[in-house]
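*Asks:* for reference, the sequence and a predicted model appear below.
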Amino acid sequence: MDLREEYENGKENSDDVGKHEFFMKQALLMGERALEVGETPVGCVLVLDGKIIGSGMNDTNRSMNGTRHAEFLAIEEALQTYPQSIFSKVDLYVTVEPCVMCASLLRQYRIRQVYFGCANDRFGGNGSVLSLHSDSSVDPPYPAHQGIFPKEAIMLLRRFYIQENTNAPNPRPKRNRELNMDFSDEG
Ligand SMILES: [Zn+2]
């Protein structure tokens, strides 16, 4: 579902738009922090009743653990304070469409809704590659909305790949790259 169409069709009132944009900006700030430390710049926040209860950014390079995606870190933070059952009242704002792994995790945690910036054409689990949010499964589905600040999310990724190409004396082999998304055909 593309949130831009929802805006245009008037399904989203302006308060909601402001709220979505506010939380996506916080997710983008997490992505900026990831970029500063050389991680693939994806950031997210978990929101309960208008309050951020967890935030995360990619941490796969530092930890050398390919499962340390932003969503996992945000969930870990929230679980320090809240029980797992809280996630049925929690919304996720993430700059890039959750990957297949995270999309499945979010479903198992029964996240209420997911809002993401840009699509993840190679690994996306919320419609791009697989539709783990909506297909029939053992866990309840969750709505996923696309299109809050997609250009900002893409620009973070572009800056990362430019920086990586400039800094690396010996470019890393492709297979070691996390979320190696190609946005070269994007406007
Ligand atoms: Zn992921």
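*Replies:* Looks like it arrived, so ask away.

*Asks:* from now on I want contacts and neighbour counts done on CA atoms only, so please keep to that.
*Replies:* OK.

*Asks:* give me phi/psi at N58?
*Replies:* With angles defined as degrees, to the nearest 10, N58 sits at phi -60, psi 140.

*Asks:* where's it relative to R107, distance?
*Replies:* As for N58, its distance to R107 is 20 Å (criterion: CA to CA, to the nearest Å).

*Asks:* more neighbours, those two?
*Replies:* N58 (28 against 22; other CA atoms under 10 Å).

*Asks:* quick one: the more buried one from P83, how far?
*Replies:* For N58 relative to P83 (CA to CA), the value is 23 Å.

*Asks:* cool, and T166?
*Replies:* For T166, the distance to P83 - CA to CA - is 44 Å.

*Asks:* spit out the contact partners of the most centrally placed residue in the chain.
*Replies:* The centre of the chain sits closest to V94, judged by CA atoms, centre = their mean, with a distance of 2.9 Å. The contact partners of V94, by CA atoms under 8 Å, 6 or more residues apart in numbering, come to M24, A27, L28, V42, G43, C44, V45, E71, V114, Y115, F116, G117.

*Asks:* ok, so of those, who is nearest the ion?
*Replies:* Nearest to the ion, judged by CA to the ion, of the contacts of V94 is E71 at 6.5 Å.

*Asks:* check contacts around S88.
*Replies:* When contacts are counted by CA under 8 Å, 6+ apart, S88 is found next to Y109, R110, I111, R112.

*Asks:* C-terminal to the worst-scoring helix or strand of the chain on mean pLDDT, what's the next element?
*Replies:* Counting by mean pLDDT, DSSP states H and E, the weakest-scoring helix or strand in the chain turns out to be helix 3-8, with a mean of 61. As assigned by DSSP states H and E, the chain's next helix or strand after helix 3-8 is helix 14-36.

*Asks:* show the average pLDDT along that following helix.
*Replies:* Averaged across helix 14-36, the pLDDT comes to 94.
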